[in-house]
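**Student:** how would this look folded up:
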Amino acid sequence: MRRRVFLWVAVLLSLGGCARPGGYGEGLYRAPNQRWHPGYHTIRHGDTLYSIAFQYGFDYRELARWNGIRPPYRIYPGQRLRLRPPPASPAPAPVPARKPPARTAARAKAPPARPPAAADGAPIRWQWPAHGPLGETFSKRGSGRKGIDILGRPGQPVYAAAAGTVVYAGSGLRGYGKLIILKHNDTFFSAYAHNRRIHVKEAQRVKKGQRIADMGSTGAERAKLHFEIRRNGNPVNPLKYLPRRHRGR
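**Tutor:** Take a look at the predicted model:
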């Protein structure tokens with residue numbers, strides 16, 4: 001009897017050892033923890049720089065800078081992207097400057113002042129991306145919920161919460177089903193998951209309130225829209241940006 005119990009314990013421990021750290025499980029929308037991935041992402045067909053940054057919770061500009069990728073941020077299947085900053089190269093030894101002769105010394109001209117960085121423009125006026133009661137809401141604790149769920153029925157319209165450009169449309173991110181990611185400006189992105197059908201394509205400009213998908217249950221147990229807002233790559237609570245509404249609408 002004791003030997004049988006020991007064998008069962010050994011089997012359970014071996015199965016537990018196969019679990020992938022930083023996986024999805026209870027935290028369905030949680031990207032793998034940076035401590036567990038090997039530091040590189042091998043690009044697959046359908047990936048975009050924006051979807052990879054979304055997957056790991058990075059600012060796309062930061063990811064591009066680490067890999068020396070410039071606009072329009074073209075990447076290729078099989079290419080490996082660094083997911084950590086490159087090691088800093090040692091600074092070259094300073095070269096002693098020669099002092100110019102007193103008669104020929106000229107006063108250094110100050111470089112022109114840099115113009116202030118361009119702002120993102122007018123504040124974004126968000127709208128609700130679908131009608132229906134709220135399911136689970138944003139939380140930074142426990143399961144790591146990175147957005148909100150809006151419950152509905154299959155085929156129900158999904159709308160763009162603000163004007164933007166489609167930077168990803170596909171089903172390559174585990175746990176999101178058929179997913180759309182919109183870029184609204186250099187700071188804000190929004191994501192629309194579990195769609196049954198996608199009506200837009202990458203690089204397409206969409207208007208606020210435009211129908212971009214049909215609600216579905218791809219990657220989910222029931223028909224719903226999982227909606228996220230990312231600010232500089234970080235998930236933020238959509239309820240702090242969306243207008244207040246009557247419960248159940």
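
**Student:** can you pull out the helices in this structure?
**Tutor:** 2-17, 49-56, 60-66 (DSSP state H).

**Student:** tell me, how many residues neighbour residue 45?
**Tutor:** Using other CB atoms under 10 Å, residue 45 has 9 neighbouring residues. Glycine gets a C-beta too; all of them are placed from N, C-alpha and C.

**Student:** make sure it is actually in contact with residue 76.
**Tutor:** No - between residue 45 and residue 76 there is no contact under CB atoms under 8 Å: 9.6 Å.

**Student:** low-confidence ranges, the chain, go.
**Tutor:** In the predicted model of the chain, residues 1-37, 89-121, 142-144, 246-249 satisfy pLDDT under 70.

**Student:** and it, what are its domains?
**Tutor:** The record assigns the chain these domain ranges, following automatic domain parsing: 30-85, 148-240.

**Student:** which strand runs longest in this structure?
**Tutor:** Determined from DSSP state E, the single longest strand within the chain is strand 188-198.

**Student:** could you list every helix and strand in contact with that one?
**Tutor:** Contacts defined by 3 or more CB pairs under 8 Å, 6 or more residues apart in numbering; DSSP states H and E place strand 188-198 against helix 49-56, strand 164-170, strand 178-183, strand 211-215, strand 224-231.

**Student:** buried residues in the fourth one?
**Tutor:** Neighbour counts over strand 211-215 (16 or more other CB atoms under 10 Å) mark 212, 213, 214, 215 as buried.

**Student:** residues contacting residue 243?
**Tutor:** Shown in contact with residue 243 (CB atoms under 8 Å, 6 or more residues apart in numbering): 126, 127, 128.

**Student:** out of those, which end up buried?
**Tutor:** Buried members of the contacts of residue 243, scored by 16+ other CB under 10 Å, are 126, 128.

**Student:** which of the helices and strands packed on strand 188-198 sits closest to residue 240?
**Tutor:** Nearest to residue 240 among these is strand 224-231; the distance by CB to CB comes to 8.7 Å.

**Student:** and the closest one, what does it pack onto?
**Tutor:** Under the contact rule (3+ CB pairs under 8 Å, 6+ apart), strand 224-231 is packed against strand 148-151, strand 188-198, strand 234-236.

**Student:** give me the number of neighbouring residues for residue 199.
**Tutor:** Count around residue 199 with other CB under 10 Å applied: 16.

**Student:** same deal with residue 140?
**Tutor:** Residues near residue 140, counting by other CB under 10 Å: 10.

**Student:** again with residue 229
**Tutor:** If you count neighbours by other CB under 10 Å, residue 229 ends up with 26.

**Student:** residues contacting it?
**Tutor:** 126, 147, 161, 188, 189, 190, 191, 235, 236, 237, 238, 241.

**Student:** how about the residues you listed in CSV, adding distance to residue 198?
**Tutor:** Formatted as CSV, those follow (distance: CB to CB, whole Å):
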residue, distance to residue 198
126, 21
147, 18
161, 16
188, 21
189, 17
190, 14
191, 13
235, 22
236, 24
237, 25
238, 20
241, 23
